[in-house]
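Novice: Quick one, fold the following:
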Amino acid sequence: MKEFNEALKLFKKFESFLKDGNKDEALYFLRKSAKKGYAPAQFELGKAYYFGKGVQEDKEQAIHWWKLAAEQGNPKAQNNLGNAYNEVKGFQEDKDQAVHWWKLAAEQGFPSAQFALGLAYYRGEGIQEDKEQAVQWWKLAAEQGFPTAQYSLGDAYNNGDGVQEDKDQAVHWWKLAEEQGFTSAQYALGLAYYRGEGIQEDKEQAVNWWKLAAEQGYPSAQYALGVAYLNGDGVQEDKEQAVHWWKLAAEQGFSPAQDVLKAINPNLADIIPFPNSQIDKSIDEKKIHAAIQTLKMLAPDLRPDLKQVYLTKIKDIPGISDAHQKSVFERPIQSLINVDENHEIEFKETFSMPTKVGKDGQTIKTDVIRYAALQEITGFLNTTDGVLLIGIADSKNTDSKNPEVRGINRDNYNGDQDKYARTFHDIVKSALGETAASLVETSFEQINDKTVFRVNCKKSSEPVYCNYKNHGEKPFVRYGTSTIEPPPKEWVRWINEKFK
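Specialist: Below is the predicted model of the structure:
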């Protein structure tokens, strides 16, 4: 007991120093606590080695400490040890051992392990296949709010896989997963609304769900959204938007979208695949194949006898028949506004002055507005040539539901172009650096009696980071119509794909 109390005190010191930001001292006390056999400390030290936080990354050391903690019954360590035996690169794969450790953690109610154990039963990996058992474990995890389990449970109910088919239950669980931002569930809900399965058919709702998932980079939703735009299903027919979303799906290696683009024009299918973090890696290949087949049911596939269906619908899209479309920089401003926001066009009402209030009812601060614009610029520089138009309200923020020209007069612009441009460029140079700032060109353009500030952002050959005020140095990239900060591992993959 004395040894335990000493280890606990050391762990408390670790937590205190970590909270104060003193990582070196925190690590010192964490090691001492772990060596005295305190399981939570052993688990945390394993995490430090696994992710290389404060120490050199060492997967073997991570697994060593997790095993010590797991043998004492620590469910987090048991779960991570199961994951290690299942898939950690450089560690001997052992599906039986993975199931052994997951089961111990699952029996203690650890939701991640319950889901993993269910997946093992579903696939018959490390244990005899039993889809009913898979559903039981997923249900336990789902009832604790674990979104991947909620989605998979919905999938099981939808297909009658290990449980009696129940479309209403499928929609119920997908909705719970969606509320946590789970993109696969958003896409699945779109399909449910599209077909009227488990919920009243509503093509507009289907499009809304697909768009939400598509803007987060989910390729299945991007493809389905393209089909909806092509056919005018739940949204006004727009062949350019159809191609836009298919291109984004194709960039992630989604073969149905690549096939469609290839049928339209072989040049459009010559796209480098990008990191695919939005696809749920826990879904097995059978499910992915089934999803692809489901998508093909939404529109004719590309069998030779049906290719003409696509080509007839798409042949009149401006520029599609040309191998070289106009650069976004060459397109007139009114054309950009008519297209609305997409992966290469972004609108902002102002660069400095607030035009709306936040959720707390307070006026949004200038620094927040500028940081948002800087994120968009960084996203373009790291992803694709793009144009930011300042002085335009996007369709989501207008009563007409169309983009509207507001002009930059409300942004303290009094006709002094030099002053406005200098302020803008100084801030961009300070936040992004001189090299990145040199890729940003600006101009003032008139639309009737209003002035719009056009910002052309040329794709950088090197990674660009935004460092503004107290936000720290961060990368941003474009995913569909959204700009996001990618997770560290995805950012590394993005660099390898886009800059090397």
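Novice: what's the next secondary structure element after the helix or strand hosting Ala177?
Specialist: Per DSSP states H and E: Ala177 is located in helix 167-178. Remark: after helix 167-178, the chain's next helix or strand is helix 183-195, criterion DSSP H and E.
Novice: which helices and strands does the very next helix or strand once past that following helix pack with?
Specialist: Downstream of helix 183-195, the first helix or strand assigned by DSSP H and E is helix 203-214. Counting contacts by 3 or more C-beta pairs under 8 Å, 6 or more residues apart in numbering; DSSP states H and E, helix 203-214 is packed against helix 183-195, helix 219-231. Yep, even glycine has a C-beta here, placed from its N, CA and C like the rest.
Novice: Using neighbour counts, pick out the buried residues of the last one.
Specialist: Along helix 219-231, these residues count as buried under the neighbour rule (16 or more other C-beta atoms under 10 Å): Pro219, Ser220, Ala221, Gln222, Tyr223, Ala224, Leu225, Gly226, Val227, Ala228, Tyr229, Leu230.
Novice: which residue packs closest to Asp385, ignoring adjacent ones?
Specialist: Computed as C-beta to C-beta, 6 or more residues apart in numbering, the closest residue to Asp385 that is not its neighbour in sequence is Lys459, at 5.2 Å.
Novice: that older thread, looking at the helices and strands packed on helix 203-214, which is closest to Leu18?
Specialist: Between Leu18 and the helices and strands packed on helix 203-214, the shortest gap by C-beta to C-beta is with helix 183-195, which sits at 32.1 Å.
Novice: Output the helices and strands packed on helix 203-214 as CSV; include the columns distance to Leu374 and mean pLDDT.
Specialist: Listed next are the helices and strands packed on helix 203-214 as CSV, based on distance: least, C-beta to C-beta, whole Å; pLDDT from 0 to 100:
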stretch, distance to Leu374, mean pLDDT
helix 183-195, 26, 94
helix 219-231, 26, 92
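Novice: Looking at the ones you listed, which is nearest to Arg454?
Specialist: Taking those one by one with C-beta to C-beta, helix 219-231 is closest: 26.6 Å.
Novice: Dump whichever helix or strand comes after that closest one to CSV, keeping only the CA atoms.
Specialist: Using DSSP H and E, the helix or strand that follows helix 219-231 in sequence is helix 239-251. Taking C-alpha atoms only, helix 239-251 is exported to CSV below (Å, rounded to 0.1, in the frame of the first residue of the first chain):
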residue,chain,number,x,y,z
LYS,A,239,-23.8,20.0,-64.4
GLU,A,240,-20.8,22.2,-63.5
GLN,A,241,-21.4,21.4,-59.8
ALA,A,242,-21.7,17.7,-60.7
VAL,A,243,-18.3,17.7,-62.2
HIS,A,244,-16.9,19.8,-59.4
TRP,A,245,-17.9,17.2,-56.7
TRP,A,246,-16.8,14.3,-58.9
LYS,A,247,-13.4,15.9,-59.2
LEU,A,248,-13.0,16.2,-55.5
ALA,A,249,-14.0,12.5,-55.0
ALA,A,250,-11.7,11.4,-57.8
GLU,A,251,-8.8,13.3,-56.1
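Novice: Surely Lys53 touches Lys47?
Specialist: Yes. Using C-beta atoms under 8 Å, Lys53 makes contact with Lys47 at a distance of 7.3 Å.
Novice: for the helix holding Ala177, the distance to its chain's centre please.
Specialist: 21 Å (C-alpha atoms, centre = their mean, to the nearest Å).
Novice: ok, now stretch 335-343?
Specialist: The answer for stretch 335-343 is 22 Å, by C-alpha atoms, centre = their mean.
Novice: now do the same end-to-end measure for that stretch.
Specialist: 15 Å (C-alpha to C-alpha, to the nearest Å).
Novice: circling back: show me which of the buried residues of helix 219-231 is closest to Gly145.
Specialist: Using C-beta to C-beta, Ala221 comes nearest to Gly145 of the buried residues of helix 219-231, at 23.0 Å.
Novice: For the residue lying closest to that closest one once chain neighbours are set aside, give me its contacts.
Specialist: Spatial nearest neighbour of Ala221, chain neighbours left out: Ala213 (3.6 Å); criterion: C-beta to C-beta, 6+ apart. Ala213 makes contact with Thr183, Ser184, Gln186, Tyr187, Gly190, Ser220, Ala221 under the criterion C-beta atoms under 8 Å, 6 or more residues apart in numbering.
Novice: how much space between Ala213 and Leu119?
Specialist: 22 Å (C-beta to C-beta, to the nearest Å).
Novice: Centre-most residue in the protein?
Specialist: Centrality entry for the chain: nearest residue to the mean C-alpha point is Gln216, 4.4 Å, by C-alpha atoms, centre = their mean.
Novice: Tell me the confidence at that residue?
Specialist: On pLDDT, Gln216 comes in at 84.
Novice: Surely it is in contact with Tyr479?
Specialist: Yes. Using C-beta under 8 Å, Gln216 is in contact with Tyr479, at 6.4 Å.
Novice: can I assume Val163 is in contact with Ser152?
Specialist: No. The pair Val163 / Ser152 is not scored as a contact, 11.3 Å apart, by C-beta under 8 Å.
Novice: Which one of these two is surrounded by more residues?
Specialist: Using other C-beta atoms under 10 Å as the criterion, Val163 and Ser152 rank with Ser152 on top: 31 against 18.
Novice: what are the ranges of the helices in the stretch 51-200 of the chain?
Specialist: 59-70, 75-87, 95-106, 111-123, 131-142, 147-159, 167-178, 183-195 (DSSP state H, counting those that start in this stretch).
Novice: on that earlier part again, so if I had to pick from Lys53 and Lys47, which one is more boxed in?
Specialist: Shown here are Lys53 and Lys47; by other C-beta under 10 Å, Lys47 has more neighbours (17 against 12).
Novice: host element of that one?
Specialist: Of the helices and strands defined by DSSP H and E, Lys47 is found in helix 39-51.
Novice: May I see the buried residues of that helix?
Specialist: Ala39, Pro40, Ala41, Gln42, Phe43, Glu44, Leu45, Gly46, Lys47, Ala48, Tyr49, Tyr50.
Novice: what packs against that helix?
Specialist: Checking 3+ C-beta pairs under 8 Å, 6+ apart, helix 39-51 ends up next to helix 2-19, helix 23-35, helix 59-70, helix 75-87.
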